[in-house]
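Trainee: Let's see this in three dimensions:
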Amino acid sequence: MPKTKLPLKQAQTLSDKILAALSPGCELAEVAGSIRRLRPEVGDIEIVCIPRQTIDLFGDPVGSLLDMVLANLTNEGRLTRGDKNGVKYKNFFIPTVPDLKLDLFITTPECWGVNFTIRTGSADFSRRLVTQKSKGGLLPDDLSISGARVWRGAAALETPTEQNLFDLIGLDWIDPRERN
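Mentor: Model (predicted):
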């Protein structure tokens, strides 16, 4: 069976509703992927988010409010759990749209810039971004990207925003629509 593709406007409307539903569980959540690149047709909804943490009486994190929000949305039938439910990646289906997948990429503030850029895509652009120049990519040879962090040797470099990542790599800003 062919994968469901939605017109961009319909996908934007649906992703806005999902973002609103997820917002109580997130410090930050943004739509990435083909919706952010404004592709005319969308095959899935990709959201990058930083979950809010629940804190115990001693101020220590004990869980994710995002997980509670997702459990409620699943119990209400607004989402159907997919086959991935990890710490950094979860997927769901949206019952109102046959086989439309919701991909949630869960990150931290220090990894936001790398995750949001890579998850915006396109796949070819993201591959070039994480590949060193000597191997045909855009990444300076003294840097590497692993675990959604940019590394210079053993030092993790700060990239809390996409612009930080572009600056670190030495690239001018590339609009998401131009990331092919």
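Trainee: So which elements touch whichever strand or helix holds Asp67?
Mentor: Asp67 is part of helix 65-75 when elements are defined by DSSP states H and E. Applying 3 or more CB pairs under 8 Å, 6 or more residues apart in numbering; DSSP states H and E, one finds that helix 65-75 contacts helix 8-22, strand 44-51, strand 53-55, strand 89-93. Backbone N, C-alpha and C define where each C-beta goes, glycine included.
Trainee: okay, these in TSV with mean neighbour count next?
Mentor: TSV is the format used below for these (neighbours: other CB atoms under 10 Å):
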stretch	mean neighbour count
helix 8-22	16
strand 44-51	23
strand 53-55	13
strand 89-93	18
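Trainee: need the least confident one among these, by mean pLDDT.
Mentor: The minimum mean pLDDT among those belongs to strand 53-55 (a mean of 86).
Trainee: ok so Leu156 is a strand residue?
Mentor: Actually, residue 156 is Ala. It isn't Leu. Yes - assessed with DSSP: H, G, I helix; E, B strand; the rest coil, Ala156 lies in a strand.
Trainee: what's the closest non-adjacent residue to it?
Mentor: Closest residue to Ala156 apart from its sequence neighbours, by CB to CB, 6 or more residues apart in numbering: Arg149 at 4.7 Å.
Trainee: just checking, the one you found touches Val114?
Mentor: Yes - taking contacts as CB atoms under 8 Å, Arg149 lies within contact range of Val114: 6.5 Å.
Trainee: Of the two, give the one with the bigger neighbour count.
Mentor: The residue with more neighbours, out of Arg149 and Val114, is Val114; 26 against 18, by other CB atoms under 10 Å.
Trainee: Quickly find the element holding Gly82.
Mentor: Per DSSP H and E: strand 80-85 holds Gly82.
Trainee: same for that strand, what does it pack against?
Mentor: On a contact count with 3+ CB pairs under 8 Å, 6+ apart, strand 80-85 meets strand 89-93.
Trainee: how close does the most centrally placed residue in the chain sit to Gly33?
Mentor: The residue lying closest to the centre of the chain (CA atoms, centre = their mean) is Val48, at 2.8 Å. Distance, Val48 to Gly33, by CB to CB, to the nearest Å: 9 Å.
Trainee: what do you get for Val69?
Mentor: 21 Å.
Trainee: Repeat that for Leu139.
Mentor: 21 Å.
Trainee: Now the common contact residues for Arg149 and Val114.
Mentor: Thr159 (CB atoms under 8 Å, 6 or more residues apart in numbering).
Trainee: tell me which helix or strand of the protein sits lowest on mean pLDDT?
Mentor: When the helices and strands of the chain are compared on mean pLDDT, DSSP states H and E, strand 61-64 comes out lowest with a mean of 84.
Trainee: which helices and strands sit right next to it?
Mentor: Where contact means 3+ CB pairs under 8 Å, 6+ apart, strand 61-64 is packed against strand 53-55.
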